[in-house]
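In: this one's sequence-less:
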C-alpha cells in the first residue's frame with residue numbers, strides 16, 4: 001500500500017456524494033492494489049437481524065453491532081468467486097467480539113503479520129492458508145472522537161509499520177468523507193421533503209383558491225377586474241379592502257399572476273394568526289439562539305418572497321411596534337433577522353388586505369399614517385356578495401362542480417327555487433359562506449338533488465338557540481356607527497361568547513368556535529380590546 005496510491009483513492013472518495021459510493025470507492029481502490037486480497041468496511045448500526053444472526057450467542061447486548069456494507073477483492077483459488085457479496089457469515093459482527101468487533105468496540109487499530117493460516121485470532125485459518133494471506137490491518141474509522149466503523153484489509157504481503165500508519169491516516173480521511181456523504185444525503189432528503197411540502201402547499205392553495213378563477217359578470221366585479229388589469233403590470237403596492245370572505249386573496253393572486261413577477265414566489269401571511277411576539281421572526285426570520293426556542297436558523301417571509309409578491313392578509317392586525325420596521329423594509333428593501341447584525345436586501349411587491357377601516361385605525365393611533373399611505377398606493381374595494389347577487393347562479397354552479405369532485409359524488413342540478421333562495425339570503429359570510437353552503441347542500445343531498453333549504457337552515461343562527469351569539473342579518477344599520485361604538489359592541493359580543501363558553505377559548509364549544517374565529521385571532525383581539533377572561 002503505497003502512500004501515492006492511498007492519496008489517489010482518497011481524492012476519488014472525496015468527490016463522492018453518497019454513502020454507498022464512498023464505501024464502494026474505498027474498497028475497490030484498496031482491492032485494486034496488487035498485494036491486497038480483500039478490503040472490507042463495517043459500519044456501526046443498531047442490531048436488525050438479531051434473531052437470525054450467526055453470532056447472536058456471542059453478542060453481549062444485541063443493541064448495536066458492525067454491519068458489513070462494502071467488500072471487494074479476488075480469490076486466487078477460485079477467481080470466479082464473488083467477494084463483493086455482503087451476505088456471508090461476517091455480515092454482522094458484535095462489538096468487542098473477535099478482531100473486527102474489538103477494533104469497533106475499543107477504537108484500537110490492529111496489525112497482524114506473518115502466516116495468518118496459523119494465527120489463533122483468525123476465524124478461518126484454512127481460507128487464509130489457501131489464499132496465502134500474510135497480513136491483516138484493521139483501522140477504526142473515527143470522526144470527532146466517535147467510532148463510525150472498521151476498515152479491514154487482508155494482504156498477500158506483509159504489512160509494514162509505516163504502511164499501517166498510512167492506512168491510519170487514510171481511515172481518518174475515509175471517516176470524514178463518510179460524514180460528508182451522510183450530510184449530502186440528508187440535505188438531498190430534506191430538499192426533496194421541502195419540494196414535496198411545497199407542491200402539497202401549492203395544491204392546498206389551489207384548492208383554497210379554487211374557489212377557482214374569479215367567477216362573475218356583475219358590474220361591481222368587472223370594475224374590480226379592470227383595476228386588477230391596470231395595476232398588475234406595475235410594482236405598485238395594492239391595498240385590498242372589503243369584508244371577510246369576499247375573495248381578497250383570490251384578487252391578490254390574480255394581480256401576481258398578471259405581473260412580471262408571476263414566475264417568482266407568491267407568499268401569504270395571515271397577520272391575524274401570528275402571535276404578537278413572533279411577528280418579527282415571521283416576517284424577517286431569526287438566527288439560531290436568538291431567543292428561547294430558536295433551535296435553528298429560520299428564513300422569514302420577506303426573504304422567501306424575494307423577487308416575488310408578499311400578500312399581507314389582515315394587515316390591520318400588525319402590532320404598532322412592528323409597523324415601523326415594516327415601513328423600513330417597504331421604503332428601503334432592507335431588514336435584519338432577529339439576533340443577526342447583517343443587513344439583507346430584498347425586492348418584494350406588497351399586496352395587503354384588510355376588513356378594517358384603516359383610516360379609522362390611523363385616527364385612533366393604532367396604525368401608522370405613513371405605513372397606511374405606503375400600503376394604499378392603489379386601493380381596490382372588493383364588493384360583498386350582497387352587492388353582486390346576479391353572480392350567485394354562476395358562483396353556485398362553480399362551487400357545485402368543485403364540491404361534487406371533492407366529495408366524489410354526482411353533481412345534482414339546481415332548480416329555480418334553489419337559486420331564488422340563494423339570492424334572497426344576505427350572505428354575511430360572502431363568497432366563502434356560499435361555497436360552504438353549496439358543499440353542505442351536496443352532502444345533505446342524495447346525488448339527485450341539492451338540499452339548499454336544509455343547508456341554509458344550518459347556516460342561519462336562530463334566536464334563542466344555545467350557543468348562538470349573532471342574529472340573522474336582515475337589514476343594514478340605518479346610520480353609521482362610530483369606531484368607539486364598534487369597539488364597545490365587539491367587546492360586549494366577545495364577552496358574551498366567553499360567558500356562554502364558561503371562559504373556554506379553545507376546542508369544541510369554546511368562544512372561538514361560537515364566534516367563528518381562530519383561537520389565536522380571538523386571543524389577540526381580546527388582548528387588543530383589554531378583555532380578560534372572568
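Out: Great, that's in hand. Computed from a predicted structure; not experimentally measured.
In: number of nearby residues for residue 436?
Out: For residue 436, the neighbour count with other C-beta atoms under 10 Å is 17. No exception for glycine: its C-beta is placed from N, CA and C like everyone else's.
In: is it fair to say it lies in a helix?
Out: Yes: note on residue 436: a helix contains this position according to DSSP: H, G, I helix; E, B strand; the rest coil.
In: what residues are up against the residue of the chain most remote from its centre?
Out: Residue farthest from the centre of the chain, counting by C-alpha atoms, centre = their mean, is residue 118 at 59.6 Å. By C-beta atoms under 8 Å, 6 or more residues apart in numbering, residue 118 lies in contact with residue 125.
In: Torsion angles phi and psi at it?
Out: phi -110, psi 0 (degrees, to the nearest 10).
In: How about residue 106?
Out: Note on residue 106: backbone dihedrals following degrees, to the nearest 10 are phi -110, psi -20.
In: Kindly state the domain boundaries assigned to this structure.
Out: Split into domains by automatic domain parsing, the chain comes to 3-185, 214-383, 387-459, 463-534.
In: where do the strands sit along the stretch 151-300 of the chain?
Out: Ranges of strands within the stretch 151-300 of the chain are 238-241, 266-270, 285-286, 298-299, based on DSSP state E, counting those that start in this stretch.
In: where exactly do the helices run in the stretch 1-150 of the chain?
Out: Assigned by DSSP state H, counting those that start in this stretch, the helices in the stretch 1-150 of the chain fall at 3-14, 19-31, 98-106, 125-130.
In: Tell me where the model's unsure across the protein.
Out: For the chain, the stretches flagged by pLDDT under 70 are 1, 196-213, 446-448, 459-484, 533-534.
In: can you do 50?
Out: Within the chain, the segments meeting pLDDT under 50 span 208-212, 462-476.
In: can you tell me which helix in it is longest?
Out: With DSSP state H setting the assignment, residue counts place helix 161-208 as the longest helix in the chain.
In: Please state the offset of that one from the chain centre?
Out: Relative to the chain's own centre, helix 161-208 is displaced by 18 Å; criterion: C-alpha atoms, centre = their mean, to the nearest Å.
In: same deal with stretch 128-135?
Out: 55 Å.
In: before we move on, what about stretch 293-311?
Out: Taking C-alpha atoms, centre = their mean, the mean C-alpha location of stretch 293-311 is offset from the chain mean by 12 Å.
In: And it, what's buried?
Out: For stretch 293-311, a neighbour-count test (16 or more other C-beta atoms under 10 Å) marks 298, 300-303, 305-306, 308-311 as buried.
In: Please identify which of those residues is nearest to residue 266.
Out: Closest approach between the buried residues of stretch 293-311 and residue 266, by C-beta to C-beta: residue 309, at 5.1 Å.
In: wait, isn't that closest one in contact with residue 347?
Out: No: assessed by C-beta atoms under 8 Å, residue 309 is found out of contact with residue 347, at 10.7 Å.
In: picking up where we left off before, so which of the buried residues of stretch 293-311 are in helices?
Out: The helices, defined by DSSP H, take in 301-303 from those.
In: sorry, back to before: between the strands of the stretch 151-300 of the chain, which gets nearest to residue 103?
Out: strand 298-299 (42.2 Å).
In: counting contacts, what elements does the closest one pack onto?
Out: On a contact count with 3 or more C-beta pairs under 8 Å, 6 or more residues apart in numbering; DSSP states H and E, strand 298-299 meets strand 285-286.
In: The strand it packs on - contacts with which helices or strands?
Out: Counting contacts by 3+ C-beta pairs under 8 Å, 6+ apart, strand 285-286 packs against strand 298-299.
In: Contacts made by the strand it packs on with the rest, please.
Out: So strand 298-299 is contacted by 281, 285-286, 337 (C-beta under 8 Å, 6+ apart).
In: how about 6 Å then?
Out: Contacting residues not belonging to strand 298-299 are listed as 285-286 [C-beta atoms under 6 Å, 6 or more residues apart in numbering].
In: How many neighbouring residues does residue 18 have?
Out: Number of residues near residue 18 (other C-beta under 10 Å) recorded here: 13.
In: list the contacts for it?
Out: Residues counted as contacts of residue 18 (C-beta under 6 Å, 6+ apart) are residue 181.
In: ok, it to residue 316 distance?
Out: Here the criterion is C-beta to C-beta, to the nearest Å. By it, residue 18 lies 51 Å from residue 316.
In: Could you do residue 324 as well?
Out: Plainly put, residue 324 is 16 Å away from residue 316 if you go by C-beta to C-beta.
In: and these two? which has more neighbours close in?
Out: Using other C-beta under 10 Å as the criterion, residue 324 and residue 316 rank with residue 316 on top: 19 against 11.
In: Chain neighbours aside, what residue packs nearest to that one?
Out: The shortest distance from residue 316 to any non-neighbouring residue, by C-beta to C-beta, 6 or more residues apart in numbering, is to residue 356 (3.9 Å).
In: Helix or strand: which one has the one you found?
Out: In the assignment (DSSP states H and E), residue 356 maps to no helix and no strand.
In: In three-state terms, label residue 350 for me.
Out: The three-state label given to residue 350 by three-state DSSP is strand.
In: wait, it sits on residue 237?
Out: Yes: with contact defined as C-beta atoms under 6 Å, residue 350 reaches residue 237; the gap is 4.7 Å.
In: residues touching residue 69, list them.
Out: Shown in contact with residue 69 (C-beta under 6 Å, 6+ apart): 23, 41, 43.
In: Filter the residues you listed down to just the buried residues.
Out: For these, a burial check counting by 16+ other C-beta under 10 Å picks out 23, 41, 43.
In: Please name the bridge partners of the residue lying closest to the first one once chain neighbours are set aside.
Out: Put plainly, it is residue 23. Distances taken as C-beta to C-beta, 6+ apart place residue 70 nearest to residue 23, at 3.7 Å, with adjacent residues excluded. Counting by DSSP bridges, residue 70 forms beta bridges with residue 41.
In: dump the residue contacts of residue 70.
Out: For residue 70, the contacting residues are 23-24, 27, 41, by C-beta under 6 Å, 6+ apart.
In: go on, residue 7?
Out: Shown in contact with residue 7 (C-beta under 6 Å, 6+ apart): no residues.
In: if we go to 10 Å?
Out: Neighbouring residues of residue 7 by C-beta atoms under 10 Å, 6 or more residues apart in numbering: 166, 169-170, 173.
In: Only whichever of these are buried, select them in PyMOL.
Out: Selection of buried members from these for PyMOL, criterion 16+ other C-beta under 10 Å:
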select buried, resi 166+170+173
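In: Nearest to residue 427 among the contacts of residue 7?
Out: residue 173 (70.2 Å).
In: Leaving aside the residues adjacent along the chain, what's closest to that closest one?
Out: Leaving aside its chain neighbours, residue 173 sits nearest to residue 10 (4.8 Å; criterion: C-beta to C-beta, 6+ apart).
In: and if you look at residue 454?
Out: Distances taken as C-beta to C-beta, 6+ apart place residue 444 nearest to residue 454, at 5.1 Å, with adjacent residues excluded.
In: The one you found and residue 409 touch, don't they?
Out: No: in terms of C-beta atoms under 10 Å, residue 444 does not count as a neighbour of residue 409; the distance is 11.2 Å.
In: Could I get the buried residue list for stretch 75-93?
Out: Judged by neighbour count using 16+ other C-beta under 10 Å, the buried positions of stretch 75-93 are 83, 90-93.
In: for the ones in helices among the buried residues of stretch 293-311, which one is nearest residue 512?
Out: Closest to residue 512, out of all of these and judged by C-beta to C-beta, is residue 301, at 24.5 Å.
In: which residues touch the closest one?
Out: The contact partners of residue 301, taken as C-beta under 10 Å, 6+ apart, are 265, 267-269, 274, 281-285, 310-312, 348.
In: re the thing from before, count the neighbours of the residue nearest to residue 316 for me.
Out: 16.
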